[in-house]
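**Student:** Okay, sequence plus prediction incoming.
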Amino acid sequence: MENYLNENFGDVKGKNSSEEALQRWRKLCWLVKNPKRRFRFTANLPKRSEAEAIRRSNQEKFRVAVLVSQAALQFINGLTLSGEYIVPREVQDAGFEICADELASIVEGRDVKKLKIHGGVEGIINKLATSVNNGIPTSNKLLDQRKEIYGINKFAESPARGFWVFVWEALQDMTLMILAVCALVSLLVGITVDGWPKGAHDGLGIVASILLVVFVTATSDYKQSLQFKDLDREKKKITIQVTRNGSRQKISIYDLLPGDIVHLAIGDLVPADGLFVSGFSVLINESSLTGECEPVNVNYGNPFLLSGTKVQDGSCKMLVTTVGMRTQWGKLLATLSEGGDDETPLQVKLNGVATIIGKIGLYFAIVTFAVLVQGLFSRKLQEGSHWTWSGDDAKEILEFFAVAVTIVVVAVPEGLPLAVTLSLAFAMKKMMNDKALVRHLAACETMGSATSICSDKTGTLTTNHMTVVKACICGKIKEVGSSKETSGICSEIPSNGLSILLQSIFNNTGGEIVKNKDGKVEILGSPTETALLEFGLLLGGDFQSERQTLNIVKLEPFNSAKKRMAVLLELPGGGHRVHCKGASEIILAACDKVIDSNGVIVAFNEESRDYLEDTIERFASEALRTLCLAYMEIENEFSAESPLPIKGYTCIGIVGIKDPVRPGVRESVAICRSAGITVRMVTGDNINTAKAIARECGILTSEGTAIEGPVFREKSEKELLDIIPTLQVMARSSPMDKHTLVKHLRTTFQEVVAVTGDGTNDAPALHEADIGLAMGIAGTEVAKESADVIILDDNFSTIVTVAKWGRSVYINIQKFVQFQLTVNVVALVVNFSSACLTGNSPLTAVQLLWVNMIMDTLGALALATEPPNDDLMKRSPVGRKGNFISNVMWRNILGQSVYQFVIIWILQTRGKAVFNLGGANSDLILNTIIFNSFVFCQVFNEISSREMEKVNVFKGIMDNYVFAFVLTCTVVFQIIIIEFLGAFANTTPLSLQQWFVSILIGSLGMPVAAALKMVPVGLN
């Protein structure tokens, strides 16, 4: 079976599956009882095609708009444009001078002419009654006016589906519809033959069973939908920095309004349509809207920013102009959201299993019906009454048909693929509490098979609470701690050295020191920037006065490829100065001069260079993150369009930043090792810093290899084959080094790889990995968009928790499949063999429907929601090539099936003698005992299925309240069916002895299961 599944259903991957693969398995699943329910959690391929068509339309539209705006610019300059726009009355009354539709047409159409008519960006700012420095006022009345005129930044969502929608969908089951028709005919025939109410019992029994199945199924599905709704709400919690009422603050992107001044940085998603106000080196990736991969330069000449696009480089202030469904992204998102998530590999495989068993079940059902009808015909032939057919005969044939249909109900395990969704929904909800937000269903499942984790250092293995603890300024190494120690540094550093250091810290930064809405001083920016700005303040610097003294002409933001950041300043007396900072050895290599202890600029000699290189190594060996700061004077004219120099700098100094290892990381790495998961550290830091931290975390062992990115990328394919298996640390790595490592691990070594990332440039590696893990705190929105799971607390221990939950999902689904296939096999064989050998079926349609509910919805609830235990992390990972239906499962399925079949066959053939049954009621009592024994076999088999290999199945049973509740409900309802619903379920009340024997027969399945677990089998 596994080979068939891999061949026909194995093309669907955990992520990035082709449309052809998604279409192929759908065509193979032709035997489906309820398509609406079965395919609810699969991708809507027609909607995806629709979204792609919108993208192509956008691509053409925007290309035309760009060409038109470029042509318009050539004619507009120097022309006096007449204003043709008339402000609507309601807009004027609200205090604005431009309406929402006019704003939308300017940005979406990139209409330079209209923008010029309205006075450019400055004119739009005035017409929106806002200010670049202060933003919009925040009184409730003014905000409400703005919302009324321009709308809110929320997108159309499909309305939440109520409980009765799920009831209706559950009723769409083809087999239940056929049974409902059978019930109706049975009612008519029964009442005609036996009168009311006796003749209505069989029909009403089927109707009641159908309603019970429908309502239990609908309740389960409705609860799942609520869980997914909660998760979707969590995914949409995105905040952005804005200026409002003169202070910087973080707000939800859904609270943005036209007139807001938004601060965008590298890695941010553009949250609404808007106009560029000011900024540096802004590159925007518009592929989400247009499909174009080439980034667009946004500046004063091309100020248009579109919602849903991504900031690939640079930083800027943006004026929000259009929000919500008026944006092109809002319209596209409505279609995209209906496209749904890709189905997971397990969902597809279990659809395959359901199809195979369904085909077998359909064959058995047809043969069973044919044998039963043939038996009736033979009996009538012997009696000589084959030419006269009564209402009772018609009723009997109807019962045969109902049994055949019910065999199909039981045989087609519709619950198998849905159990995956149930288990994943349960796990995803619980993982939210454990600080992990799963964005794609498949990631939860794939994480259980992970064999390798490539982790960042900063913020994942360390706390990301950075402080400067050592500094080498003007050749002097000093401890940095209290303000007293820092004031000692100030007195020893020459004044010109201190002045240039503060200028570098406060101007060459991606952070800011601002007043928040409470009027308190707040440092904004990445942890590294925050640490440097705090150091600057300790040295007595003033951020605002430094920024106002000099004009920033150009800024090159830090990115992990260049490992440096630079800024060009215009000096008050003329000329320019470039400040540069970044990876110590890279910046130091770009320097040819240094400021000495007297504040004099001197040329580097061998001694001074060695001294600084030793300082870097010393800081790094103490697990400090090192940064080098440098500057360069530019006397002649310098164009802002030219790239900033990469050599000829003067070294100001080196700072050592402490970022402590997170508590519990060492233990988590040890857990991964015992679970067969290799942990590798991939960082942009100095190799000595990386090695020191890796040893502290327990990642770098005596047998392991540490390598630098530049060395790694020079290696040949043959050399990589030798290096990668022992590679534990990669330092000074670029995003492409990480991508290359992940690709080799996945393709060459067939590993299942999880990768962490927080920056924009990590997106390719996150996309390439089997599971992309983005950091919730330090991660950019671009990284989060590319990830499958967001680690909300940026903690490595949470990644281990995700792996544990992933394994739990995989094992739980295996348990459920084992349980359901056992019921399938026994129910099919018992009904078929009885029909062939005795001419009747021991289990009626109503009884089979109850059994179907026990093994389908209730079985999934009980087994697919088992919480993880620590033992899961003591077994080897499944990996890429593990068989889902393992030999262990086949052993348990076949062994348990044989036991149950033998017991039921003995009851059928010897039951009357064993229980001393006689009289007219003996057949009904025996069939009730068989039905009762069969159900209790499933109850105890459900308990045995909690562990596939361990004998002790009771460990932790009370920790899973869902399991205990389902089991209790099953037993209670079974008692009700036997004792009180006999007329409808074709049962009769049993004596205490008969109850005891039924339960004993069921419980004997547990020692049988324990004995089976002693039988050794291969893994696959």
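**Tutor:** Thanks, I have it.
**Student:** pretty sure residue 700 belongs to a strand, no?
**Tutor:** No. Residue 700 sits outside any strand when classified using DSSP: H, G, I helix; E, B strand; the rest coil, being coil.
**Student:** which residue sits closest to it, ignoring its sequence neighbours?
**Tutor:** Once flanking residues are discounted, residue 700 sits nearest to residue 694: 3.7 Å by Cβ to Cβ, 6 or more residues apart in numbering. Every residue, glycine included, has its C-beta placed from N, CA and C.
**Student:** list the contacts for the one you found?
**Tutor:** Residue 694 makes contacts with 457, 681, 700, 706, 728-729, as judged by Cβ atoms under 8 Å, 6 or more residues apart in numbering.
**Student:** Now do the buried residues in whichever strand or helix holds it.
**Tutor:** Assigned by DSSP states H and E, residue 694 falls within helix 687-697. Judged by neighbour count using 16 or more other Cβ atoms under 10 Å, the buried positions of helix 687-697 are 687-694, 696-697.
**Student:** Show me how far that helix is from its chain's centre.
**Tutor:** 30 Å (Cα atoms, centre = their mean, to the nearest Å).
**Student:** for stretch 665-672, same thing?
**Tutor:** That offset, for stretch 665-672, works out to 23 Å (Cα atoms, centre = their mean).
**Student:** ok, residues contacting it?
**Tutor:** 453, 461, 678-679, 696-699, 796-797, 799-800, 803, 873.
**Student:** can you check stretch 532-547 too?
**Tutor:** Against stretch 532-547 from outside (Cβ under 8 Å, 6+ apart): 467-468, 471, 480, 483, 486-487, 489-490, 498, 501-503, 505-507, 509, 511-513, 523, 525, 627, 655.
**Student:** Could you do stretch 773-787 as well?
**Tutor:** Residues contacting stretch 773-787 (Cβ under 8 Å, 6+ apart): 238, 265-269, 310-312, 435, 437, 439, 456, 458-460, 464, 526-527, 754-760, 762-763, 766-767, 772, 788-794, 799, 802.
**Student:** can we see that at 7 Å?
**Tutor:** Residues outside stretch 773-787 that contact it (Cβ atoms under 7 Å, 6 or more residues apart in numbering) are 238, 266-269, 310, 439, 459-460, 464, 754-760, 762-763, 766-767, 772, 789-794, 799.
**Student:** For residue 425, state which of the buried residues of helix 687-697 is nearest.
**Tutor:** residue 697 (33.4 Å; Cβ to Cβ).
**Student:** shouldn't the closest one be in contact with residue 661?
**Tutor:** Yes. Using Cβ atoms under 7 Å, residue 697 is in contact with residue 661, at 6.0 Å.
**Student:** got any residues that touch both of the two?
**Tutor:** Joint contacts of residue 697 and residue 661 (Cβ under 7 Å, 6+ apart) are residue 461.
**Student:** Flag the shaky bits of the stretch 601-750 of the chain, pLDDT-wise.
**Tutor:** The stretch 601-750 of the chain contains no residues with pLDDT under 70.
**Student:** re earlier: ok, so of the contacts of stretch 665-672, who is nearest residue 200?
**Tutor:** The closest of these, once distances to residue 200 are taken by Cβ to Cβ, is residue 803, at 56.1 Å.
**Student:** avg pLDDT for the helix or strand harbouring the closest one?
**Tutor:** Here residue 803 sits within helix 796-838, counting by DSSP H and E. Regarding helix 796-838, the rounded mean pLDDT is 85.
**Student:** when you give positions from now on, start the count at 11
**Tutor:** Sure thing, new numbering starts at 11, so read that last one as helix 806-848.
**Student:** tilt between it and helix 697-707?
**Tutor:** For helix 806-848 against helix 697-707, the angle by axes from the mean of the first three to the mean of the last three Cα atoms, to 10 degrees is 50 degrees.
**Student:** What angle do helix 806-848 and the helix or strand immediately after helix 806-848 in the chain make with each other?
**Tutor:** With elements assigned by DSSP H and E, the helix or strand that comes after helix 806-848 is helix 855-863. Angle of helix 855-863 versus helix 806-848, following the same axes, to 10 degrees, is 160 degrees.
**Student:** Render the CA-only coordinates of helix 855-863 in CSV, please.
**Tutor:** Provided in CSV are the C-alpha atoms of helix 855-863 (Å, rounded to 0.1, in the frame of the first residue of the first chain):
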residue,chain,number,x,y,z
ALA,A,855,-27.8,-0.4,9.3
VAL,A,856,-28.5,1.5,12.6
GLN,A,857,-25.8,-0.4,14.5
LEU,A,858,-23.2,0.1,11.7
LEU,A,859,-23.9,3.8,11.7
TRP,A,860,-23.2,3.9,15.5
VAL,A,861,-20.0,1.9,14.9
ASN,A,862,-19.0,4.3,12.1
MET,A,863,-19.4,7.3,14.5
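**Student:** Leaving out sequence neighbours, find the closest residue to residue 225.
**Tutor:** In space, residue 225 is closest to residue 177, 6.8 Å off (Cβ to Cβ, 6+ apart).
**Student:** Correct me if wrong: the one you found contacts residue 228.
**Tutor:** Yes. Here residue 177 reaches residue 228: they are 4.3 Å apart, a contact under Cβ under 7 Å.
**Student:** Between those two, which is the more surrounded one?
**Tutor:** It is residue 228, of residue 177 and residue 228, that has more neighbours when counted by other Cβ atoms under 10 Å, with 21 against 17.
**Student:** Return the per-residue confidence for that one.
**Tutor:** Reading off the model, residue 228 has pLDDT 84.
**Student:** how many neighbours does residue 895 have?
**Tutor:** Using other Cβ under 10 Å, residue 895 has 19 neighbouring residues.
**Student:** Give me the buried entries from the contacts of stretch 542-557.
**Tutor:** Buried, going by 16+ other Cβ under 10 Å: 477-478, 481, 490, 496, 499, 508, 511-513, 515-517, 519, 521-523, 533, 535, 637, 665, out of those.
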